[in-house]
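Enquirer: Sequence first, then the predicted structure:
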Amino acid sequence: MTDGETRGALGAARDDRHGDDPFEDALALANHTHEAATGPARPPEAGQGIPSAGGPYAAASGAPTARGSHDPDGATGPADPSGPMEAGPPPSPSAPRPRPSATPWQRARELAAQAVPGPPAPLSTPLAEALGRTLAVPLTALTDLPSFDTSAMDGWAVSGPGPWRLDQREGAAAPGILAGQAPAEALQDGHAIAIATGARIPSGATAVLRSEHGDLRELPGGARQLHAPRPVPPGQDIRPRGQECRRGDHLLPAGALVTPAVLGLAAAAGYDELTAYPRPRAEVFVLGDELLDHGLPQAGRIRDALGPMLGPWLQALGVEAAAPRHLADDADTLYAALAGSTADVVITTGGTAAGPVDHVHPTLRRLGAEVLVDGVTVRPGHPMLLARLAPRRHLVGLPGNPLAAVSGLCTLAEPLLRALAARRPPGPCRTPVTAPVHGHPHDTRLVPVAYRDDERYGLVAEPLRFHGPAMLRGIAAADALAVVPPGGAQRGSELELLELPWSAGWSGGGPGDRAGGPFGPAGGAA
């Protein structure tokens with residue numbers, strides 16, 4: 001880590017409102033203060049699920065980790081070794097909040113995916129509105145494809161062996177059959193007629209001779225004769241009816257994502273509508289009096305980086321997201337916004353810790369919400385949370401630091417939104433890393449990486465610099481986030497990757513093109 005990065009990391013630790021410094025625990029450990037401040041880490045507990053609705057503000061169980069006054073995420077209450085909060089009457093919104101147990105990272109993702117029993121009921125959706133949705137029933141061909149024999153090339157439809165006498169349809173503007181025309185007359189043996197690509201093959205035709213292979217010769221009396229340099233086998237350059245599919249064939253299974261290619265296939269197969277699950281609806285509330293929506297930072301205020309990022313990020317996940325709303329640091333304002341929202345998922349940024357203007361937890365208590373995840377053993381992004389506002393309505397609270405918010409998106413929001421959209425989770429993706437990556441002593445780390453080509457390992461993931469919790473420079477150049485286990489990873493270790501929603505389409509072919517990018521390798525700094 002450079003001196004500048006060290007100063008940035010320590011500076012981030014001083015921000016109680018958005019505090020989430022991935023190095024503070026490591027620094028404390030090196031100074032023999034971590035155990036005294038936070039207590040020893042305790043192993044994850046097995047068999048824990050979404051808490052029952054025994055209390056309106058019940059925290060989900062996870063791996064208990066006692067945290068006291070030395071908390072890098074801004075908590076200042078006493079250590080809570082008793083584990084999860086017991087069900088009971090809701091505390092006063094203004095009462096001090098006991099610090100719950102942080103949930104292990106993988107368990108937090110499972111809880112988010114299981115927070116809803118399934119997607120809402122499917123709808124019949126016009127093709128123009130189906131992009132990005134998930135098929136609720138298999139896509140079955142409504143017709144043969146192609147629905148008639150068609151010409152695969154421009155040339156001549158011929159009948160029998162050559163040479164052929166060339167026919168021209170009487171009164172036709174063009175000397176032959178064009179796409180969209182239905183030839184009325186059968187083609188006689190020994191005859192040929194010009195035909196365009198995609199045009200319907202006339203009855204009696206046995207093959208298509210490509211235009212570049214034919215030789216037209218004039219005959220006495222003005223007739224013309226078509227010759228071929230070699231025999232034309234039957235069926236040449238004819239796409240037979242049903243070559244791609246027959247009516248009733250299953251083209252795609254339920255659960256397939258509707259991509260642009262799927263829309264084209266559905267249209268070709270005769271569909272005007274698709275039965276698909278609706279897109280989840282999300283609303284984003286950006287919290288903070290210190291945020292500016294234009295211009296340069298000034299007078300202690302900073303630009304809002306999350307508002308411009310979150311809407312497009314959610315849309316890339318197939319979510320209907322309105323433009324983010326900026327809310328002042330006021331408890332009643334936040335309460336009114338959450339109480340009035342009808343979105344499937346509300347996403348807030350900042351305010352999830354225990355600072356003087358962190359109103360998310362008190363507002364959830366005031367709403368009688370059920371907290372499913374309150375803190376995750378991941379860096380950056382520890383003070384993220386997931387709460388159930390009402391049946392099938394949830395809130396994901398993201399930390400205010402930008403990269404910590406990205407961590408929360410990938411940890412809690414993405415699995416929840418996939419479940420609501422009936423999207424299958426991506427398959428496991430593990431890739432060797434090009435350099436050692438330092439790990440947190442006890443927590444998972446998420447580190448931005450870019451794909452590269454390596455002579456020894458093939459496709460590899462290169463850890464990027466500028467990965468502090470308040471930084472976006474690394475993630476802007478990244479293809480994925482590497483999941484670094486406690487203790488770190490050595491060069492060549494295969495790590496699980498969380499691909500960014502826009503990188504999956506070009507990750508397989510792009511690494512070599514971006515080798516030696518603007519940030520270069522991270523080396524051992526992570």
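Expert: Now that the structure is in, tell me what you want to look at. No experiment lies behind these values; they were computed from the predicted model shown. Numbers count the residues shown, from 1 in each chain.

Enquirer: Can you classify Arg247 by secondary structure?
Expert: Here Arg247 is recorded as coil under DSSP: H, G, I helix; E, B strand; the rest coil.

Enquirer: Identify the residues contacting it.
Expert: 141-144 (C-beta atoms under 8 Å, 6 or more residues apart in numbering). No exception for glycine: its C-beta is placed from N, CA and C like everyone else's.

Enquirer: which residues of this protein score low on pLDDT?
Expert: 1-100, 168-174, 504-526 (pLDDT under 70).

Enquirer: Any buried residues in the longest strand seen in it, and which?
Expert: The longest strand of the chain (DSSP state E) is strand 444-454. For strand 444-454, a neighbour-count test (16 or more other C-beta atoms under 10 Å) marks 444-452 as buried.

Enquirer: need the residues you listed in CSV with distance to Gly118, can you?
Expert: What follows is these, written out as CSV (distance: C-beta to C-beta, whole Å):
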residue, distance to Gly118
Thr444, 28
Arg445, 32
Leu446, 28
Val447, 33
Pro448, 33
Val449, 33
Ala450, 36
Tyr451, 34
Arg452, 39
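
Enquirer: what's the closest of these to Gly248?
Expert: Tyr451 (41.8 Å; C-beta to C-beta).

Enquirer: Leaving out chain neighbours, which residue sits closest to Leu464?
Expert: Gly474 (4.2 Å; C-beta to C-beta, 6 or more residues apart in numbering).

Enquirer: for the helix or strand hosting the one you found, which positions count as buried?
Expert: Under the criterion of DSSP states H and E, Gly474 resides in helix 473-476. Buried residues in helix 473-476, counted by 16+ other C-beta under 10 Å: 473-475.

Enquirer: biggest separation within the contacts of Arg247, which pair?
Expert: Leu142 and Asp144 (9.5 Å).

Enquirer: Compare neighbour counts for these two and give me the winner.
Expert: More crowded of Leu142 and Asp144, by other C-beta atoms under 10 Å: Asp144, with 19 against 15.

Enquirer: residues touching the more buried one, list them.
Expert: Taking C-beta under 8 Å, 6+ apart, we find Asp144 in contact with 241-242, 245-247.

Enquirer: What subset of the residues you listed is buried?
Expert: The neighbour count (16+ other C-beta under 10 Å) marks 241-242, 245 as buried among these.

Enquirer: Just the closest of those residues to Leu338, please.
Expert: Checking the buried ones among the contacts of Asp144 against Leu338 with C-beta to C-beta, the nearest one is Cys245 at 48.9 Å.

Enquirer: So the closest one sits against Ala141, correct?
Expert: Yes: in this structure, Cys245 is within contact of Ala141 by C-beta atoms under 8 Å, at 4.6 Å.

Enquirer: shared neighbours of those two, which are they?
Expert: With C-beta under 8 Å, 6+ apart, Cys245 and Ala141 have common neighbours 251, 269.

Enquirer: where's Asn192, which helix or strand?
Expert: Slight slip there: residue 192 is Ala, not Asn. Applying DSSP H and E, one finds Ala192 within strand 191-195.

Enquirer: Give the other helices and strands that that strand contacts.
Expert: Helices and strands touching strand 191-195, by 3 or more C-beta pairs under 8 Å, 6 or more residues apart in numbering; DSSP states H and E, are strand 155-158, strand 164-167.

Enquirer: neighbouring contacts of the helix holding Gly474?
Expert: Taking C-beta under 8 Å, 6+ apart as the rule, helix 473-476 contacts 402-403, 406, 448, 464-467, 481, 500, 519.

Enquirer: Stretch 337-346 too?
Expert: For stretch 337-346, using C-beta under 8 Å, 6+ apart, the contacting residues are 280-285, 319, 322, 325, 327, 363, 367, 389, 392-396, 413, 416-417, 420.

Enquirer: Recalculate using a threshold of 6 Å.
Expert: Contact partners of stretch 337-346, identified using C-beta atoms under 6 Å, 6 or more residues apart in numbering, comprise 280-283, 285, 327, 394-395, 420.

Enquirer: residues of it that come out buried?
Expert: Counting neighbours by 16+ other C-beta under 10 Å, stretch 337-346 gives 337-338, 341, 343-346 as buried.

Enquirer: next SSE after the strand holding Ala192?
Expert: Counting by DSSP H and E, the next helix or strand C-terminal to strand 191-195 is strand 207-210.

Enquirer: contacting residues around that following strand?
Expert: 151, 153, 155-158, 228, 232, 234, 236-238.

Enquirer: Which residue comes closest to Thr259 once chain neighbours are left out?
Expert: Using C-beta to C-beta, 6+ apart, the closest residue to Thr259 is Leu131 (7.5 Å).

Enquirer: wait, is that neighbour part of a strand?
Expert: No: assessed with three-state DSSP, Leu131 is coil; it does not lie in a strand.

Enquirer: From Val116, how far out is it?
Expert: 23 Å (C-beta to C-beta, to the nearest Å).

Enquirer: same deal with Ser159?
Expert: Distance from Ser159 to Val116, by C-beta to C-beta: 62 Å.

Enquirer: cool, Glu273 as well?
Expert: Taken as C-beta to C-beta, the span from Glu273 to Val116 is 25 Å.

Enquirer: The two: which is more packed in?
Expert: Val116 (20 against 14).

Enquirer: ok, that one touching Ala419?
Expert: Yes: with contacts counted by C-beta atoms under 6 Å, Val116 reaches Ala419, the gap being 5.2 Å.

Enquirer: Please identify which of the contacts of Arg247 is nearest to Met384.
Expert: Ala141 (45.1 Å).

Enquirer: what sits against that closest one?
Expert: Contacts of Ala141 by C-beta under 6 Å, 6+ apart are 245, 247, 249, 251, 269.

Enquirer: repeat for Ala331
Expert: His359.

Enquirer: tell me which of the contacts of Asp144 is nearest to Pro356?
Expert: Nearest member of these to Pro356, counting by C-beta to C-beta, is Cys245, at 64.1 Å.

Enquirer: Would you mind measuring from that closest one to Ala266?
Expert: Taken as C-beta to C-beta, the span from Cys245 to Ala266 is 12 Å.

Enquirer: For Met309, give me phi and psi.
Expert: The phi and psi values for Met309, taken as degrees, to the nearest 10, are phi -90, psi -40.

Enquirer: residues near it, how many?
Expert: With other C-beta under 10 Å as criterion, Met309 counts 20.

Enquirer: Likewise for the one 4 residues further on?
Expert: Trp313 is flanked by 23 other residues according to other C-beta under 10 Å.

Enquirer: so it sits in a strand?
Expert: No: under three-state DSSP, Trp313 sits outside any strand and is assigned helix.

Enquirer: That one - nearest residue in space that isn't next to it in sequence?
Expert: Leu409 (6.5 Å).

Enquirer: In three-state terms, label the one you found for me.
Expert: Leu409 ends up helix, using three-state DSSP.

Enquirer: Tell me how far it lies from Asp443.
Expert: Counting by C-beta to C-beta - Leu409 and Asp443 are separated by 18 Å.
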